[in-house]
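Chemist: just coords:
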Ligand code: 6SG
């Protein structure tokens, strides 16, 4: 099987969930790391479909858009539900995670100094929705009775929020249990303990 190649900056950023998912699937990948300096030259940017990274190569297939990568791997590896209805619910959950991710990125890149307190105050209003989804499903996963790409994405966004605010899950026991259970999956644990993971900053501007 041709290796998967990720082309991206040396950050967790938009590839955090993807790398966790690949680790858990036992799927090797290669990293083609792009420095900010090289990126600013513009040559690579001009070849990217939307002028942005990350880029994912899976054999002859070249993809952009981080959520597309998760869906692609979900389809290939049985992490996209067991029927069309489950797949639709997984999409819904992942789109909900994406909304939270976008709010988080707006805070990190645009209003960290002025907006952090208000963001943390409002956070339970968002986390409670995922708490409810997990409570309703009962299996320990967002949808159905097996892991999907949306679980990896939620897990990663929650890890980032625990760095932003260490106590943010204290009032959400189901979310806290979900993070513990995902963190203790052996291949995820090994990845989270690795230097490859630890050396990467969460975000491109050093804020977290
Ligand atoms: C940034 O936004 O690191 N891609 C980013 N930035 C460079 O010229 N919807 C898609 C997806 O989900 C979003 C892609 C994403 O895949 S990720 C990109 O390509 C561009 O637009 C976060 C990240 N940012 C840090 C950074 C590196 C290069 C530009 C921003 C810091 C600022 C300028 C150079 C270094 Fe910088």
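Modeler: Arrived safely, thanks for sending. These numbers were taken from a predicted model, which means no experiment stands behind them.
Chemist: mind checking how far the closest residue to the ligand within the chain is from residue 136?
Modeler: Nearest to the ligand in the chain, going by C-beta to the nearest ligand atom, is residue 204, at a distance of 2.4 Å. In this view, the C-beta of every residue, glycine as well, is placed from N, C-alpha and C. From residue 204 across to residue 136, the span is 36 Å (C-beta to C-beta, to the nearest Å).
Chemist: So for these two, which residue has more residues nearby?
Modeler: residue 204 (16 against 9; other C-beta atoms under 10 Å).
Chemist: got the contact list for the residue lying closest to that one once chain neighbours are set aside?
Modeler: Counting by C-beta to C-beta, 6 or more residues apart in numbering, residue 204 lies nearest to residue 11, which is 5.0 Å off, once chain neighbours are set aside. Counting by C-beta atoms under 8 Å, 6 or more residues apart in numbering, residue 11 makes contact with 200-204.
Chemist: Name only those of these that count as buried.
Modeler: 200, 202-204 (16 or more other C-beta atoms under 10 Å).
Chemist: okay, those in CSV with pLDDT, distance to residue 108 and secondary structure next?
Modeler: Output for the buried ones among the contacts of residue 11, formatted as CSV (pLDDT from 0 to 100; distance: C-beta to C-beta, whole Å; DSSP: H, G, I helix; E, B strand; the rest coil):
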residue, pLDDT, distance to residue 108, secondary structure
200, 98, 15, coil
202, 98, 8, coil
203, 98, 5, coil
204, 97, 9, coil
